[in-house]
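# missing the sequence, but the structure's below:
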Ligand SMILES: CC(C)(COP(=O)(O)OP(=O)(O)OC[C@H]1O[C@@H](n2cnc3c(N)ncnc32)[C@H](O)[C@@H]1OP(=O)(O)O)[C@@H](O)C(=O)NCCC(=O)NCCS
């Protein structure tokens, strides 16, 4: 009679490894089958452009080779994962796109919904804290710094995230909320909160975000200068006060009396403290 086979640590875990390895290979084959060769070739092209974007726009990446960039730049890894997840989502594959997005978020700190539409040459610098919502659309050659949110404003359904056109730069910590359009070539300042459309080729800063440059020039007119708004009531009071002063001087001259000091009109100042209209 043959002795029973000796149980080693390796033989004990062998079936488990085999099943997992088989599952992984089958999953990858299924995914590639669903994607098709054309889609995989397109993703490879997009990856090359993403790597080129990182080398163009990140001074720290200039001397780094493409393989090292793919292996160590979280922005590039998140985009690669998104491009696979997005293609699978478009092929109506269940679960896997979301699983890819979740794993990618764990590794890179960048959360991109698989349905978000992203153009060529996006560069996400550093990455951590970037959130790109389901209905967000990003054009070509856009740059995002860490902490950027392309989010919704509430519980609305349908198109509820921003559309970012080509060549836009969005500074770290900027929050762009709602179905707004960021015009091509615009720059959004770090930590801005943008809730309205942004004109092309403009620079928008602050909370709420407002344009401080349009086509390289300071915007003119009261609608664009949110700080120095005209105050028609103060202007009317000043006009009346100066006319009363002139009348007082004329009366004093006629009556031969001393006109006395002219009434002072103080410029209005911004009221500080709690909002009196608050509940
Ligand atoms: C918005 C930004 C792109 C502007 O660059 P720019 O076109 O060179 O414009 P300027 O520096 O001339 O600034 C224009 C005006 O906006 C103001 N401004 C610029 N950035 C601002 C910001 N983030 N918040 C508030 N005001 C800002 C400037 O003080 C200037 O004001 P002024 O008109 O009174 O002089 C840039 O300041 C910025 O925020 N970049 C993001 C960088 C980043 O996130 N880096 C992270 C690296 S890890």
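On my side now, so go ahead. Everything numeric in this text was worked out from a predicted model, so none of it was measured. Numbers count the residues shown, from 1 in each chain.
# where exactly do the strands run in the stretch 1-150 of the chain?
Using DSSP state E, counting those that start in this stretch, the strands of the stretch 1-150 of the chain run over 111-112, 117-118, 123-124, 131-132, 137-138, 143-144, 149-151.
# so stretch 45-62, near the ligand or not?
No: using CB under 6 Å from any ligand atom, stretch 45-62 never reaches the ligand; the gap is at least 9.7 Å. Placement of C-beta: from N, CA and C, glycine included.
# what residues sit buried inside that stretch?
46-47, 50-51, 53-55, 58, 61 (16 or more other CB atoms under 10 Å).
# okay, the residues you listed in JSON lines with pLDDT next?
Formatted as JSON lines, the buried residues of stretch 45-62 follow (pLDDT from 0 to 100):
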{"residue": "46", "pLDDT": "90"}
{"residue": "47", "pLDDT": "92"}
{"residue": "50", "pLDDT": "93"}
{"residue": "51", "pLDDT": "94"}
{"residue": "53", "pLDDT": "95"}
{"residue": "54", "pLDDT": "94"}
{"residue": "55", "pLDDT": "93"}
{"residue": "58", "pLDDT": "93"}
{"residue": "61", "pLDDT": "92"}
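# quick one: which of those residues is nearest the ligand?
The ligand has its nearest neighbour among those in residue 58, at 9.7 Å by CB to the nearest ligand atom.
# how about the residues of the stretch 151-279 of the chain by the ligand?
Residues of the stretch 151-279 of the chain lying close to the ligand by CB under 6 Å from any ligand atom are 169, 171-172, 187, 189-191, 203, 205-206, 212-213.
# please check those residues and keep the buried ones.
Buried members of those, scored by 16+ other CB under 10 Å, are 169, 171-172, 187, 189, 203, 205, 212.
# out of those residues, which two sit at the greatest distance?
Farthest apart among these by CB to CB are 172 and 212. That separation is 17.7 Å.
# mind listing the helices for this structure?
For the chain, the helices defined by DSSP state H cover 9-57, 66-72, 74-90, 96-108, 232-255.
# circling back: which one of the strands of the stretch 1-150 of the chain is the most hemmed in?
Most buried of the strands of the stretch 1-150 of the chain, by mean neighbour count (mean count of other CB atoms under 10 Å): strand 123-124, with a mean of 28.
# who are the packing partners of it?
helix 9-57, helix 74-90, strand 143-144 (3 or more CB pairs under 8 Å, 6 or more residues apart in numbering; DSSP states H and E).
# what about that strand, average pLDDT?
In this model, strand 123-124 has a mean pLDDT of 96.
# need the residues that contact it.
Strand 123-124 has contacts (CB atoms under 8 Å, 6 or more residues apart in numbering) with 50, 53-54, 56-58, 74-75, 78-79, 110, 130, 142-145.
# again, only this time at 7 Å
With contact meaning CB atoms under 7 Å, 6 or more residues apart in numbering, strand 123-124 is reached by 53-54, 57-58, 75, 78-79, 110, 130, 143-144.
# and of the residues you listed, the nearest to residue 66?
Using CB to CB, residue 54 is the member of the contacts of strand 123-124 that lies nearest residue 66, at 9.3 Å.
# was I right to think that closest one contacts residue 70?
No: the criterion here is CB atoms under 7 Å, and residue 54 misses it with residue 70 at 9.5 Å.
# tell me how far residue 170 lies from residue 76.
Remark: distance between residue 170 and residue 76 (CB to CB, to the nearest Å) = 18 Å.
# these two: who's more crowded?
Higher neighbour count among residue 170 and residue 76: residue 170, with 30 against 24, using other CB atoms under 10 Å.
# bridge partners for the closest residue to that one other than its chain neighbours, pull those for me.
Once flanking residues are discounted, residue 170 sits nearest to residue 188: 4.5 Å by CB to CB, 6 or more residues apart in numbering. With DSSP bridges as the criterion, residue 188 is bridged to residue 170, residue 204.
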